[in-house]
Every structure is written in structure tokens, then in C-alpha cells.
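Novice: okay, predicted coordinates and the sequence, questions at the end:
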Amino acid sequence: MKLRYIAARLVKTVLVAIAVVVLSFFLIRLAPGDAATVMAGQSGYADEAFMKDLRAEYGLDQPLPAQFWKYAVTVAQGDLGTSYVRRQKVTTIILERLPNTLLLDAFALLVAAAGGIWLGSMAARRPGSAGDSAVTVLSMLFYAVPQFWLGMMMVLVFAVWLAWLPPFGIETMGSDYTGLARVGDIAQHIILPGTTLALYFLASYARLTRTAMIEVADQDFVKTARAKGISERQVARRHILRNALIPLVTYAGLQASILVGGSVLVENVFSWPGIGTLAYEAVTSRDNPVLLGIFIVTALLVCLFNLITDIAYSIADPRVELGK
Amino acid sequence: MNFARRFFSRPAAMFGFAVFVAIVMIALAAPLVFARGPFNIVGMPLLPPGAPGLLAGSDILGRDMAVGLAYGARVSLLVGVTSTLCAVGIGILLGATAGYYGGLVDDLLMRFTEFFQIIPSFVLLMVLVAFMQPSLASTVIGIALISWPQVARVVRGEFLSLRSREFVEAARVLGMRDARIIFTQILPNALPPIVAVSSMMVGSAILTESALAFLGLGDPNLLSWGSMIGGARSAMWVAWWTPVLPGLSIMVTVLALNFIGDGLNDALNPRRRH
Amino acid sequence: MLNRRAALGAAGLLAYPAQAWALSGKSRVMNAMLTDDPAHLNYPLYNTRIMQEICGNINESLLLFDWQFKPHPNLARAFEMSPDGLTYTFHLRTDVQWHDGVKFTARDVVFSCGVMLPQLNARSRAAFSHIASIKAPDAYTVVFTLKEPFNAFLLSLMASNAPMMPAHIYEGTDFRTNPYNFKPIGTGPFQFAEWRRGQYIHLARNPHYWRPGQPGMDGIYYRVCPTPEQRLVAMETGAVDIAMADDIDTVVTSRLLANPNIVARDDAYNGTGEIMVMELNMRRWPFSDRRFRAAFLHAIDREFLVKAINFGQGKVAHSPIPSTTPYYDDKVLTKYHYDPARARALLDEMGCKPKRGGVRHRFGLMLTPDGDGAYTRGAKYIKQALSEVGLDVFLEATDYPTQSRRSGNWEFDCDNNNYGTYGDPAIGTSRFYLSSNIRKGVPLTNLQGYINPEVDRLFAQGAVAISREEAQACYSRLQQILTHDVAMLWLYERKPLFYYNKRLKNVITGPNGPGDGFGSAALA
């Protein structure tokens, strides 16, 4: 049963990917100006003959449907084309940057989940207390704060004023650290951007945990457990948390999907060499193949994360049947 | 009115409303009090708040930051409200159609909506704005184009549940045309959740507009809070107030709108608390 | 060393600035920055400042120039000019080899000056158009015969205009697509070692460099560092040793000047002598009227522009040639000081009167895409200042390809640019005012459409004047006419700061600054 569902979802993912390719391709082609002018402008050699050669080289003088078919065929083979600006393969560029974004997202997810769950469970233990209200207020603040500004404030405090942490990049520029030294260097660099990304979601985790735990704590089976004399701690750990897991897992999946395409601003503020900064560079330099590649890869990842979330959801709550 | 009483009974909503009204008043009063506009250079750049005549200091071009903050409110509110109205308009059209007709139409429209949810929406927005050339219009249109799915989903849900109700059946029997049924019968009943979600959307539209302006993809002829922050990226290293004050303005405005949204949600859907 | 680094990194507790300084403390490698990867490394093919700064280490010219713009031997160990100014003979060094081992000979000079440079580089083409023939009587002698005396001829051999290119690599090939554009071969103190796109370009020391004792460093890394704030941090933490023009936003100048480990100089770019300008499309009214242009200059406070908007970097320009170059003549200039009342009077006089809403004329200003950097801020100040006299400017945001296309095709009202003058009006200045250089579709030409036959005549005369006095007379008259005509809106002379780590010495040795390469740079 599950396998059939997963297979169906995979087919759906492929269909979505195709739809993404088609719609994105034509959307981006609507842009005024063409690649030849971009590339020629880059190298400062912009005579008509050169541009004509460029257009022929990149197949830009073909009719649009023919261009699309050619593109679709190469994409199906795993080749996302060549960047107009960098003259490298798009797949190479994306594969260089994607791990950095995934690393950042993973860190943000961990921090947000761990911090949020901890805060939320503290707040749930004493509902209505000052600490509880503080959590709620903080949550509202983090929803309202612009992420890029929060990042800049982190830079202001921790780099400009205190000089405790490096504000930009993933590694110290010019360093050739290996092994543990490199891990430590990256760890230092990931703290500020990762925490900035995490704070927005941390609030949500806290609220979800708090709500779930309060609701569950009221339910009969917990009261029974308490009546039987099982310690507070055991009750919390064994029953409440496990049942609160469902909305948390759902939210984690949502966060992953949001982060994959949505870390543009934070990456930009911290000059983190990931997909977000790549997207911004591609937009400002009109590098269409890279943009298309990013759309496709991101869409696929989002579908993947949605699928994983659904599966995890069904594992966490066996009462739920997939596909319903 | 029951609704007003419910809304104002929550302190947060009242606070949010008061703050929002204050911001609107500042926005409206700005051209009257600061007639020379926010681009007026008044003196040396990067003077701190409290310097003579400069309540909020001056920015990298020597402009009065207090004036900039006041005018920024106009841009934020204008973009926030306009883009939300457009998004709501599109969302209602598509969501109502999907929810009312169901079946194949619903399927197609839902796939179309999903496409927008799966594509990285901020990247899509950057692409749209960059290609339409950055301007107020392209900002509003761009934000509307990435926000309508939210509304559409809510509207569709409402229509799906409302379309099989008796009053709709009655209207059909009377021979009312579909469009009339949608707009005069079902829509008014579907409004409460739409209104609630719209308020939150104004807040997130303001956040999105500031993000675009920050990246330099906003209208270059307008001074908005986001562009103030974006212009302070280097200046921040020698003048902390240049990004801090505009950012706080955004936060306070969006917070107020969120409080209002929460309050509206509670007031309009007393049964649907969560 | 490695263990210490590992310990530092693993601990991760050490404040990061100290950590980065530890990196650059001992090595003899210089670290510099790039805002972005250049498209290629063939400087004549596309001469941007960044390319010049990198290729200045790889390619050399026949001559070096001192602070007074006097020529000195470089690849040419001796040179002489015939009394009639028509023949220049260069005696080349015999001990120079290209980075791939092939000997540098007269063939390379003949090829570079006769074929490659004129074909690729507009400035070289203009300068070398005075040449009648180039001959190599033997492997180490080159004789240039000119059509008429050209007193800027030697200056046109400055490294920024005439780097020597290897004939055995480029002759007979398509210069645009030659693979050596990405792994250049030169004679300079550093040679190309590696290019990792998005990360760095690595130049290694040339072990066979002909100057004894040079280069003083083992290599140079140009590290890609996309944002001005990143570059600021890199400089402050010591991750890089030098910051070149425009690497760092002028707004944080005070921070760097206060840093005890960093030295700054403002004369490293005198050789290029850039002037920040606004160009008006003189084919359109009211830009065609001299009074409008004069009013424009009167309406803006250029002192404020330099002092406040540009944080002190620069000097107000009153002439088409910079005050640091030999032919500058202060006495003949018509200067336009900040005087908004005068601006309004001029506009009234020429019939550009205020209409509804007090607006006299509305026009577009094409912004240079530099984020929110110095260009854009300057433009915003100017928009503000002009609005005070009733001129409504709307700012047009563009990207490089669009800007290039629109300015080349004259589809603009006003644009913002930055032009190098290269020491002699015949090389860097005339190209913007000669009616013969009005060429649609080509950047760096007379985009405004300024036409003045007397100016054409004077430029031609000045270039071929044999005596210094005669040339000066021509250029003085030119400055008089051009400033009276307001032939361009000269805003200020750029004097970008060059920052370097105090542990380095001999980093800047002449007005070309980085353009002459860092061969003489060494650890103090």
C-alpha cells in the first residue's frame, strides 16, 4: 500500500518537474534583452558578428518551441545547460553551491527545532506564567521582523561591535584548513546566518510545542498516567512529546520546503555562497540557464521534502493513512 | 456591534489597531509636515540621532532620517494594501471558480496553484520584478502574483463547503446565473476568513516589499524602509542608526498588522479558534 | 604552522579577527581582491581597471613612467627620438623571456603595436594611427616611423595602453577566442598559475624575471570577494593585504584610516587620471544649449559632492584634463561655482522657464549599475540639487548590457560616467570631443555629439606639435574653449584610495600604481 502511494507520488513529482520546466522556460524567455547582449557586454566585445556567433552557439536564433525542445531533451539527460555569464555547466555551478545551502538549512532546522521545542515545553509546563507570555511575545516579534534586517543586526552586534564572529562567507578567505580545523572554521561562520534563519521558525516550533503539549496534557490517558503515580517527567517524555511530534514533523517539513527556496535574503546579507546568492546573481546578470536550473532543482527538492514529510508523518502517527 | 466588541476586547488587537492608526496618520501627514520630501539633503551625512535638528540622525547622503521614516511609511502602506487587494482579487476569482465548479476545473486550478507553491516564490518574485524593470507597479504586481495562492486556497475551501448549502440550491432553483450566485450569495458568507487572512497578507507584503527594496529591486525613485536598510549596508559599519531605525519601523508596523489579523480572526470566527 | 592553524580552527573560540591575521603574518604571498571574476585575462581585448590591475603583473610595456610622467627604460633598455620627431628607435633588452621560455624580441613589439593592439583597443588604435611604419632592423631593435610628429607617442606606450603581447601565441589566431586569453603569457614579474572561478586567480613569481631582486613576493592571490562589506572585513582582518580603487566603499574610509595596521595613499591612480562626469545628449534640446549645461554646473555643489557624498575622496574638476597632469592650465578655465540663483537666471534666459508645478524641464538620468555605491549616490545628490532650480530628473536604473547599449546608441538624456585621461589629452581626452569620433554603437566615444571645428583643429594640432610650448598653447586654448562651452559636465577628479597592509613596502612606485605590477613589492 505504502509503496504504491510512494510510486504515485514520485510520478507526480516528475510531472510537476516537467510543468516547472515548461512554465519557467517560457516565463524567463519573456524577459527583454537577450543573452548575446549580456555575454557580449561582459567581454566588452560587442560587434554584430560576435553576437551573431554567440546566438548561433547558444541556439538563440532558433524559433522558441525548437529551443524549448532542445532544452527539455538535455534536461532529461541531467544536463541543465551552460551559464551565460560563467561559461560553466549549470549543473556544476548548482552542485557547488547547493551543499552550502543545505548545510545552512540543516543547521537552521536543528537550532530552530531544538530551541523551539525546549522553549515551548518550558512554557507549557507553566501556562499563563511570565515566562509563557514572554515566549508568545517573542514569537510574535520574530514573525514581524524582516529576516534580512535581523541578519544585519546580528552582523552589527557580533561582528561590527563585538568582533566575536565572522560576518561573511562560509570559510575564512584564503585559508587552507583541513579536517577538524576546517570544520571549526565553518562552524564559526555558520552561527550567525544559521541562527538568523532559525529564529523565525523557532517561534513557530515553540508555539506548536506549547499548544500540543497543553492540549495533550488535558487528555484522559495522561491524567490516568498521572493518577497511576508515574512521575511528571516520564509522563511528559513518553506520552506528551510523542503525540506532539506530529505537528512538529509537519512543520519541519514545511520549514525545509520554505528554506530551500527562501534563504535568498539571509544568504545575501551574510554573503553565504549558496543557491540563494546564486539566484540573486543570476537574476541581476540575466543568466537564464542558471535561473531555470535553480527553479528545477528547488522544485524537485521541495517535492522530495514534502514526500519525506508525509512518510515521516505516517510513521509518527500510525492512525493516519497515506493518501487520505 | 458584536464584532467590534469582540475585536477590541483583546488588548493585543487594540494595541495593534492603535499603532496602525498612528502609522497611517504619520504616512498621511508626511507631505504636509515635511513638504520638501525625503530626498532633501539637509546637511552632512551620517550625523547621529540627537544632532541639531535631526531627531533620527542623517543617512549616507545627508538626508533627514526622520523624514525618510515618515515617507517610508507611505510606500510600505501603499504597496502592502494595493498588492494585497490585487492578490485577494485574483485569489477570489480563481478560488471561487475552483471551489464552485469543482471537478476538472478545480483540479486544473489546483495544479496551477501548486506550481506557484513549489517554485521558490521569492526567486520568482525577483525574476518578475527584474524583468518588468523595478518600479512601484512591478513591485505591486509581483507581490500580488506570488501571494494570491494563499487567498485562493482559503476561498476555494469556503466555496467547497458552502456550495452545497441550501441557500445556494434555492438560488439555483430560482434560475440565478452562476456568476450572480458566486458574488452575491456565497462570497459574502465566505468573507470572514478572507478578511482575516488579508490582514496578515498586508504585513507580509510589507516585509516582501522591504526585502525587494533592500536588494535594490524596488522603485529607485521611491524611498522605502527597505531601501533605507539596503543603503546602510556599508554605512552600518560607521553609523549604527542607519539600518536600525528603519528596521524597527517595519517590525512595529507588521507586528501591529499581525495583532489586528489575530484579532480579526478571533472576532470573525468565534467558533474557529485554535 | 599547520598545527597552530589546526588548533586555532578547532578551538574556534579565538576571536576571528586575530585568527585571520595569523594567516597573513608569515607568508610571502600577497592577497588582493576581485569584485567578480573577469570575463577573461586579455587586457587589450577589454580594458577594465580590474583587468589592468591583474595583467599589470603579467604583461609589461616598453617604458615605465615616473610621477612627472617622464619615460624610463623598461623592456626597452634605451630609446631615442629623431630631431624631427618622426622616428623613434627602441633598443630592447636581450635578457627577457616570455613566461613559456620563448625569448622576447622585436617581432613581439612589431606584432603588438602594429597588429594586435590597434585591432582590439580603441585608445591604441587612435594613438597608433599616427604610425606610418614599424620596422625591426634586427631582433632587438624596433624603429617607429610616424606620419607626423606625435608628442604623446611615448606616453601612449604606457602599460595601460600598450602592454606587449606574445606574437608566437597570438599571431595568426582569432584574438577573441584564443585559449591563452584564460591563461595569459607575458614577460612580467608574476606569471599566471591558476584560475579557480568564483574563488581566486593565482599568479606565481616569475623565476626568470629580468629585473634582479624582483619580484619580492612569492605570488599574488586575487580572491573573489563580491560585496564591499566583505572586502572591508577582509582588509580589516588582514585576510587581504591590499585594497585597490573602489574595492571598498568610501563611506567606511574613516574606519580604515583609523586602523593602525593599514596605510592609505591617494596618488596610486594619477596615471589613469579619471574624471567623474555626466554626459548630456547634445542632440536634444535643452542639452544642446550651452547655457543649460552651465546652469547644470552652477546648480550643483561639487564641493559638497566630494566632501560629503564621496567622503572626501576626490577633487572638484574644472577642466577636461586633471590637475595632476602636465598640460593642466588653471588660468584659462571658466569655472562654474555653486550658484543656484545664477543657474535659474541662465535657464530663464534660454527660455527654459518654469511651467506648471514649477518644473522647467524633466529628463532622465541613466544610472550606472553599482548597487547603491558612489555613482548612484552622486546621481541622487545631483537629482536633488537640480530639483531646487526646477529641473526634474528621473533616475533610470539599468544593468551593464542595457547601459552599454543605450549610451552607444545615444538613447539617453544624461548619463553618468568615469573616464581615464592617461596623462595626455591626445590619448585620453580628445576621443570625447572630436567630431570624427562620433560613432554610433561604440562606447567610449563622443557620445554627446559635441561638434566644434576649432576644437577638432586644436586637438589635431596639439598632438603633432613638436615643441612643448606649442603643445601647451594648443591645450590651453582647448581648455579655455571646452570649459567655456561646458563641453561635458566634469564633476570631480577621482583620487581613489589605495590601502595596503603596513607590513608591505614599495607597493606603489609610480602614477600607474597597480597597473605597473607589484614586482617591487616586498615584506618590510
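Specialist: Yep, that arrived.

Novice: hey, let's count contacts and neighbours off CA atoms from now on
Specialist: Noted.

Novice: from the contact counts, what lies against the strand or helix carrying B:Asp266?
Specialist: For B:Asp266, the host element (DSSP states H and E) is helix B:241-268. Identification of packing neighbours for helix B:241-268 by 3 or more Cα pairs under 8 Å, 6 or more residues apart in numbering or on different chains; DSSP states H and E yields helix A:130-144, helix A:147-155, helix B:2-8, helix B:11-33, helix B:65-101, helix B:187-214, helix B:225-230.

Novice: mean pLDDT added to these, as JSON lines?
Specialist: Formatted as JSON lines, the helices and strands packed on helix B:241-268 follow (pLDDT from 0 to 100):
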{"stretch": "helix A:130-144", "mean pLDDT": "81"}
{"stretch": "helix A:147-155", "mean pLDDT": "94"}
{"stretch": "helix B:2-8", "mean pLDDT": "74"}
{"stretch": "helix B:11-33", "mean pLDDT": "92"}
{"stretch": "helix B:65-101", "mean pLDDT": "92"}
{"stretch": "helix B:187-214", "mean pLDDT": "90"}
{"stretch": "helix B:225-230", "mean pLDDT": "93"}
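
Novice: now render these as CSV, adding mean neighbour count and distance to C:Glu493.
Specialist: Conversion of the helices and strands packed on helix B:241-268 to CSV gives the following (neighbours: other Cα atoms under 10 Å in any protein chain shown; distance: least, Cα to Cα, whole Å):
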stretch, mean neighbour count, distance to C:Glu493
helix A:130-144, 18, 46
helix A:147-155, 24, 34
helix B:2-8, 14, 62
helix B:11-33, 17, 37
helix B:65-101, 23, 30
helix B:187-214, 22, 30
helix B:225-230, 28, 28
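
Novice: which among those is found nearest to chain C?
Specialist: The minimum distance between chain C and these falls on helix B:225-230, with 8.0 Å, by Cα to the nearest Cα.

Novice: so what secondary structure elements neighbour that closest one?
Specialist: Helices and strands in packing contact with helix B:225-230 are listed as helix B:65-101, helix B:187-214, helix B:241-268; criterion 3+ Cα pairs under 8 Å, 6+ apart.

Novice: quick one, the helix holding B:Asp266 and helix B:65-101 angle?
Specialist: If you take axes from the mean of the first three to the mean of the last three Cα atoms, to 10 degrees, helix B:241-268 sits at 40 degrees to helix B:65-101.

Novice: biggest helix in chain C by residues?
Specialist: Identified as the longest helix of chain C according to DSSP state H is helix C:468-485.

Novice: mind checking what helix or strand follows it in sequence?
Specialist: Next element after helix C:468-485 (DSSP H and E): strand C:489-493.

Novice: what score does residue 202 have for pLDDT?
Specialist: No chain was given, so I picked chain A. Here, the pLDDT recorded for A:Leu202 equals 88.

Novice: oops, wrong one, chain C.
Specialist: pLDDT, the model's per-residue confidence, is 95 for C:His202.

Novice: quick check: phi and psi at it.
Specialist: Here the main-chain torsion angles of C:His202 (degrees, to the nearest 10) amount to phi -110, psi 120.

Novice: which residues of the stretch 201-350 of chain C lie near chain A?
Specialist: Residues of the stretch 201-350 of chain C lying close to chain A by Cα under 8 Å from any Cα of the partner chain are C:223, C:226-227, C:230, C:234, C:239.

Novice: could you dump those into JSON lines and include pLDDT?
Specialist: Putting these into JSON lines (pLDDT from 0 to 100) gives the following:
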{"residue": "C:Arg223", "pLDDT": "93"}
{"residue": "C:Pro226", "pLDDT": "85"}
{"residue": "C:Thr227", "pLDDT": "87"}
{"residue": "C:Gln230", "pLDDT": "90"}
{"residue": "C:Ala234", "pLDDT": "91"}
{"residue": "C:Ala239", "pLDDT": "88"}
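
Novice: tabulate these (CSV), appending distance to C:Gly373 and secondary structure.
Specialist: Putting these into CSV (distance: Cα to Cα, whole Å; DSSP: H, G, I helix; E, B strand; the rest coil) gives the following:
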residue, distance to C:Gly373, secondary structure
C:Arg223, 21, strand
C:Pro226, 13, coil
C:Thr227, 11, coil
C:Gln230, 14, helix
C:Ala234, 19, helix
C:Ala239, 23, coil
